[in-house]
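Peer 1: Turn this into a model:
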Amino acid sequence: MRIWNKYLDWPPVWLVIFMAAAWVQVQIWNPLAYEAAFITFIGRAAIVFGIVLMGVSFVMFQRHKTSVVPKRTPDAIITTGPYKYSRNPIYVADAIILIGYILTLGSLISFALVPAFAWVIAKRFINGEEAGIRAEFGHVYDDYCQQTRRWI
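Peer 2: A predicted model of the protein is given here:
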């Protein structure tokens, strides 16, 4: 358990786990399969968009000289760029990447994994991170939360 918490319990690892689950699900059981070049294109575009959103979000952390490490309280509240629209654009980017990947797999049933992924990320990371930020920044963070959604 210690190895899991220290080295493997990271959002990108969870993203890979859910992507692998979608792939396995498609291999085993895919009753709502589809094939459409346009949908595959949309899926790939979503993956690229998710990667770009993640990159922009990381840059915002660097500009504000604060930690991007999950489960660590940042030194500043970022309210510009993608953080103007979402309190967690990196996690939104992860979800977009997962959605894009599922689109490329051609499996409607795999979309059930998306809310499961969001739930895991909220329970494993977001809830604790937001509690730490709230303890550190108080009403300033509360005001930001009133203006900005957790996801989108």
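Peer 1: Check the offset of the helix ranked longest in the chain from the chain's centre.
Peer 2: When the chain is parsed with DSSP state H, its longest helix is helix 37-63. Per CA atoms, centre = their mean, to the nearest Å, the displacement of helix 37-63 from the mean C-alpha position of its chain is 11 Å.
Peer 1: After the worst-scoring helix or strand of the chain on mean pLDDT, which helix or strand is next? Please name it.
Peer 2: For the chain, the helix or strand with the lowest mean confidence is helix 2-3, at a mean of 72 (criterion: mean pLDDT, DSSP states H and E). Helices and strands here follow DSSP states H and E; after helix 2-3, the next one along the chain is helix 11-28.
Peer 1: Export only the CA atoms of that following helix, formatted as CSV.
Peer 2: C-alpha atoms of helix 11-28 as CSV (Å, rounded to 0.1, in the frame of the first residue of the first chain):
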residue,chain,number,x,y,z
PRO,A,11,-4.0,11.2,-11.6
PRO,A,12,-2.1,10.2,-14.8
VAL,A,13,-1.9,6.7,-13.5
TRP,A,14,-5.6,6.6,-12.9
LEU,A,15,-6.1,8.0,-16.4
VAL,A,16,-4.1,5.1,-17.8
ILE,A,17,-6.0,2.6,-15.6
PHE,A,18,-9.3,3.9,-17.0
MET,A,19,-8.0,3.9,-20.6
ALA,A,20,-6.8,0.3,-20.1
ALA,A,21,-10.2,-0.6,-18.7
ALA,A,22,-11.9,0.9,-21.7
TRP,A,23,-9.6,-1.1,-24.0
VAL,A,24,-10.2,-4.3,-22.2
GLN,A,25,-14.0,-3.7,-22.1
VAL,A,26,-13.9,-3.2,-25.9
GLN,A,27,-12.0,-6.5,-26.4
ILE,A,28,-14.3,-8.5,-24.2
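Peer 1: Identify the residues contacting that helix?
Peer 2: Contacting residues not belonging to helix 11-28 are listed as 33, 70, 90-91, 94, 97-98, 101-102, 105-107, 109-110, 113, 116-117, 120-121, 124-125 [CB atoms under 8 Å, 6 or more residues apart in numbering]. C-beta coordinates here come from the backbone N, C-alpha and C atoms, glycine included.
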